[in-house]
Structures are given as C-alpha cells and as structure tokens.
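Visitor: A structural model of the following input is requested.
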Amino acid sequence: MSMREAVAAFVQDGATVGLEGFTHLIPTAAGHEIIRQGRRDLTVVRMTADIVVDQMIAAGCVSRLVSSFVGNSSAGSLGELRRRVERADPAPLAFEEYSHYGMVCRYLAGAQRLPFYPLRSYGGSDLPGVNGALRKVTSPYPGPDGGSEEIYVVPPVNPDVTIVHAQRADRLGNTQIWGLTGIQAEAVYAADRAIVVVEELVDERVVRSDPNRTPIPAHAVDAVVVCPRGAHPSFAQGYYDRDNAFYRAWSHISADPERLREWLDEWVYGTADHAEYAAKLGEEYWAKLAVGEALSEPVDYGRRL
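Guide: Below you'll find the predicted structure:
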C-alpha cells in the first residue's frame, strides 16, 4: 500500500498507535502522514518518545502518551511535549510513564496475551507513586526464604495498530531488520493491526536466503509500505546515517511554538508525501548522510542434497 492508503485504512481517530524503532528505524514518515491526515485523540505508545512524537503532539494528533524515556536523543529537549506536560500549554497531555524495561514487559505481555508481566526493577523506584498501573502481586511459589514474595507487575499493551520501520520486506510482509532490533517484533505481535514501512521491497528469495534476519513474519503484517529514507532524521542501518545536525536544530525549533508550527507548515503540511519531503532536502543533503559498505560474512544454511 501507499503510506496514504495504509494510514487511512488502519489509523483512526481515538486509536491507540504503537510507533516503534529504537535509535534507528524510527517511523518518522508514518508520523508525518498521520499529521497530514489530521488524526485526533490518539494514544501514542512509544518506548522512547522523541522528535516524531513531539511533532505529532504539536499537530494536535495526540491526547495521551505512553512512554519511558522522552527527549531529543542526547541533543536536547522536546519543546512541545514539555509545554504540554509542565504547563498544559496550549492544552494538557496525559502522560503514562514507565521505565524502558517496563515498556518492554508491557509489549511482551501484549504479544503473548498475558494479563500482566512481572519485573523486579520497580523496587525502590518512585515510579509506582506516579503510575497506579504499577502494582504488586503475590507469587504463587515460595521465595528463597520459603515465604511468599510480592513482585511488581505491569499490564499488557495492545495497540489498535503498530507501525514500525525496517530495512526491507517482501510483498507478503516478511520483514527483515538488522542492527538494533529493539522491540519491533513484540510491538507488532501485540497489536490488532500492523503496518511495516521499509526502505526497499525485495523478492521472496532474498528473505528466504537469510531467514534469521526476519523477526516479523508475513502472518503478523497487514500492510507493507515502501518509503525510502522514511526514518529521517534517525538512521536506517546500512542505508543512511543519523542526521545529528537536525537533532541539534530541533531543540531550537521546538522551543519556539511559532517556529515549530512554521516548520510543520513547510515540511509536513507543505509536502504531499515523504518522497516530496526527501526531495526537498536535496541530494547534496542526503550525500552527507551516505554510508559506506560493511558487509556481513556469508553463512551456509545448508540444504538437502
């Protein structure tokens, strides 16, 4: 499908939308299309809410954010998110906060259709004081001292739709990822629907030649969208580098509400799709983000004679 078709079909007003990709393969182009289509009252679930979430909040798409780390990826703050959370300016944003691992556990519970997932890391933390969804249960098994042990648990998360970015997929939806794999596969399995955005579409034989790079299989995918450079300003391992200059610039752009809205008008509303956005940046710009080859050694999977 085209990005426009996929968002129109699977992202509805009021939906819970998972957007995953850790450090690289962030589904920025999908977030921009959600903005263009004017979706409203979304609950966005993202383990590390960053620039694309800041942009979606500024565009009025998001009423609730479920996340752990929030920030401009070592380059500064998210101005719109901070204004909403700290001052309800220009409107409040509901923020449900977890730890990184707490978010991982929520996706694991969601993917496995479990009622909760246990973890130890909230012991001694302040988070249970600000998030009532973090609760304790008594283990049905004896602890080391023979007594009953209480342990923290988190609830599952089951997005209406999860959107992930990846390097490549075939037409059936078998999706390959290398580099940092993050929590994308679990986020897809946890959702009712899944959109996979890829740098390129490849023949099924390419996928079959290296099956271990396929964490997301066809049966879990509802739409494949081919969108080269669709993770910018993050990177796609093997395709283009991280745009560090953009990350640094965003702190200044988002600090000024008027400047932020001018940016959205020019780069999101003012472009028909991500191809136009990428073309507007120009090939000289993209040349600075080019990466060299670092080929993997071949693997012999063997076959029957």
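
Visitor: Excluding chain neighbours, what is closest to residue 152?
Guide: With sequence-adjacent residues excluded and distances taken as CB to CB, 6 or more residues apart in numbering, residue 152 is closest to residue 122, at 4.1 Å. For glycine as for every other residue, the C-beta is placed from the backbone atoms N, C-alpha and C.

Visitor: Quickly find the element holding the one you found.
Guide: Using DSSP states H and E, residue 122 sits within no helix or strand.

Visitor: List the residues that contact it.
Guide: By CB atoms under 8 Å, 6 or more residues apart in numbering, residue 122 lies in contact with 99, 102, 128, 134, 152.

Visitor: Check which helices and strands the helix or strand of the chain with the lowest mean pLDDT sits against.
Guide: Least confident helix or strand, the chain: strand 69-70 with a mean of 88, by mean pLDDT, DSSP states H and E. Here strand 69-70 touches strand 48-49, going by 3 or more CB pairs under 8 Å, 6 or more residues apart in numbering; DSSP states H and E.

Visitor: Can you list the neighbours in contact with the strand it packs on?
Guide: For strand 48-49, contacts defined as CB under 8 Å, 6+ apart pick out 22, 65, 67, 68, 69, 70, 71, 73, 78, 81, 100.

Visitor: Does the fifth one touch residue 102 like I think?
Guide: No. With contact defined as CB atoms under 8 Å, residue 69 and residue 102 do not form a contacting pair (11.2 Å).

Visitor: Please say which of those two ends up with more neighbours.
Guide: residue 102 (23 against 15; other CB atoms under 10 Å).

Visitor: Distance check, that one against residue 154.
Guide: From residue 102 across to residue 154, the span is 5 Å (CB to CB, to the nearest Å).

Visitor: can you list residues touching both of the two?
Guide: Each of 119, 134 lies in contact with both residue 102 and residue 154 under the rule CB under 8 Å, 6+ apart.

Visitor: what about the helices in the stretch 51-200 of the chain?
Guide: Ranges of helices in the stretch 51-200 of the chain, per DSSP state H, counting those that start in this stretch, are 51-58, 79-87, 100-112, 184-190.

Visitor: Could you pull up the mean pLDDT of the first one?
Guide: pLDDT averaged over helix 51-58 equals 98, rounded to a whole number.

Visitor: what's in contact with it?
Guide: 19, 26-28, 31-32, 34-35, 42, 44, 46, 62, 65, 67, 70, 72-73, 78-81, 84, 93, 233, 247, 250, 254, 257, 260-261, 264, 268.
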